[in-house]
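Student: dropping a prediction and its sequence here:
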Amino acid sequence: MQIYKVGGAVRDRLLGRPITDTDWLVVGASAEEMQVQGFRPVGEDFPVFLHPQSGEEYALARTERKSGRGYGGFTFYANPEVTLEEDLIRRDLTINAMAEDDHGELHDPYGGRRDLAARLLRHVSPAFAEDPLRVLRVARFAARYAPLGFRVAPETLALMRQLSESGELLALTPERSWKEISRALLEPSPEVFIEVLRDCGALKVLLPEVDTLFGVPQPAAHHPEIDTGAHVLSVLHQCAEHAQPLTVRWACLLHDLGKGLTPKSQWPRHIAHERNGLRLIRAVNERCKAPRDCQELALLVGEHHTHGHRALELKPSTLLELLQSFDIYRRAQRFEEFIAACEMDARGRLGLEQRDYPQAAYLRGAAEAARAVTVQPLLAQGFQGAELGEALKRERLTALKAYKAGAGKA
């Protein structure tokens, strides 16, 4: 039996990056031998075991054969005769197909170290094209390592394009796709994830509503970058620069989908794109099986982001409606995320990335003014039921009028 450290732990050590988890590969052992030594089996699809002391995962060396469509369409074969090289060749990228033995010696049969130095994401073998999930994985790695200068090798991009055109991407389950999409959006360069998917034709298969935005112009006075798709990429870049959470990044990706529905005859204006885009946002949310908090924020940002930008101009009654729509009294964090998404949208414009966004402080102040109105005095006056609700609304409107007047003087 030989045990090797494999995959990301080897790759990131060579890159000088933090190692978050370690994968172990066991060559020359059977499942029975592992259990005799105290390892606990956990894998259903292939033999994976937990170390009796550390709890880390140890997988038996295995080969695989394509047996159906999609990510799960493989038959695995694991036994003591499978070699290290046979196991590593089934992996996606050369930089993920390296191993270290217990003496620290590097085993690199497919040139992973060379590609690390060349900053290339290159597939290990033609079998890469058998697994559609690898399109998303490579795009995610591109988003992670773009700041280090990595790019997808042309021949790998060609295989990704072949997969995109084959229809295999449609066999991916929403849950598996979402896992990759959500992880990619949280990488240092999420915009690169979208760019790579678009370059290989996968974006128009997985997120056609986003793909449509490229080539759609916007008014240059508000959007010097002109292209709506380019704007969305810039907004995602700002999300990463400002360490926004997944909810905000997802909302920012989808916030302008309505512009893809504008007839060409109306370009570059996009009247009512906020409401027009809601059905598309709902469709993407449902197709991707996004978590509820991501779905809710995406819809709210899509509908109200232009109100956020015009916050200082809004009438107190409109401002109150905006606050009510977010349920700021019970969902304060969601309104904070809306403000963040609006600010990222405003900064995601060519040459305006560093411009101040006073609307953020104004909206926070308005929310505080509305929340400061309490129900107890109204109850003491005898209000109840529907009348209590109307009285509370009147008091909050009065508070917002006073806030707006004070903010104007300031």
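Tutor: It's in.
Student: so what does whichever strand or helix holds Trp178 touch, helix or strand wise?
Tutor: Element membership for Trp178, per DSSP states H and E: helix 174-185. If contacts are counted by 3 or more C-beta pairs under 8 Å, 6 or more residues apart in numbering; DSSP states H and E, helix 174-185 sits against helix 133-145, helix 190-199, helix 246-254, helix 278-288. Glycine gets a C-beta too; all of them are placed from N, C-alpha and C.
Student: any buried residues in it, and which?
Tutor: Across helix 174-185, burial judged by 16 or more other C-beta atoms under 10 Å covers Arg176, Ser177, Trp178, Glu180, Ile181, Ser182, Arg183, Ala184, Leu185.
Student: neighbouring contacts of it?
Tutor: Here helix 174-185 makes contact (C-beta atoms under 8 Å, 6 or more residues apart in numbering) with 71, 133, 136-137, 139-140, 143, 190, 193, 206, 236, 239, 246, 249-250, 253, 287-290.
Student: how about stretch 89-103?
Tutor: Residues outside stretch 89-103 that contact it (C-beta under 8 Å, 6+ apart): 2-8, 10-11, 14, 25, 62-64, 84, 88, 106-116, 121-125, 127-128, 131, 134, 137-138, 141, 156.
Student: can you tell me the average pLDDT over that stretch?
Tutor: Averaged over stretch 89-103, pLDDT sits at 96.
Student: okay, buried residues for that stretch please.
Tutor: Arg90, Arg91, Asp92, Leu93, Thr94, Ile95, Asn96, Ala97, Met98, Ala99, Glu100.
Student: the residue minimising distance to the centre of the chain and Ala402, how far apart?
Tutor: The residue lying closest to the centre of the chain (C-alpha atoms, centre = their mean) is Leu185, at 2.5 Å. Distance from Leu185 to Ala402, counting by C-beta to C-beta, to the nearest Å: 40 Å.
Student: for Met344, same thing?
Tutor: 30 Å.
Student: ok, those two, which is more surrounded?
Tutor: Using other C-beta atoms under 10 Å, the more surrounded residue of Met344 and Ala402 is Met344, with 27 against 12.
Student: how far does the host helix or strand of Ala405 sit from the chain's center?
Tutor: Taking DSSP H and E as the definition, Ala405 sits inside helix 385-409. Between the centre of helix 385-409 and the centre of its chain there are 38 Å (C-alpha atoms, centre = their mean, to the nearest Å).
Student: one more: stretch 169-184?
Tutor: With C-alpha atoms, centre = their mean, you get 10 Å for stretch 169-184.
Student: send the alpha carbons of that stretch over as PDB?
Tutor: Only the C-alpha atoms of stretch 169-184 are listed here, as PDB (Å, rounded to 0.1, in the frame of the first residue of the first chain):
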ATOM      1  CA  LEU A 169     -24.300  20.400 -20.500                       C
ATOM      2  CA  LEU A 170     -28.100  19.900 -20.400                       C
ATOM      3  CA  ALA A 171     -27.600  16.600 -18.600                       C
ATOM      4  CA  LEU A 172     -26.100  18.300 -15.600                       C
ATOM      5  CA  THR A 173     -28.400  18.500 -12.600                       C
ATOM      6  CA  PRO A 174     -29.400  22.000 -11.400                       C
ATOM      7  CA  GLU A 175     -27.900  21.100  -7.900                       C
ATOM      8  CA  ARG A 176     -24.500  20.200  -9.400                       C
ATOM      9  CA  SER A 177     -24.400  23.200 -11.700                       C
ATOM     10  CA  TRP A 178     -25.400  25.600  -8.900                       C
ATOM     11  CA  LYS A 179     -22.600  24.200  -6.700                       C
ATOM     12  CA  GLU A 180     -20.000  25.200  -9.400                       C
ATOM     13  CA  ILE A 181     -21.700  28.500 -10.300                       C
ATOM     14  CA  SER A 182     -22.000  29.600  -6.600                       C
ATOM     15  CA  ARG A 183     -18.400  28.700  -5.900                       C
ATOM     16  CA  ALA A 184     -17.200  30.500  -9.000                       C
END
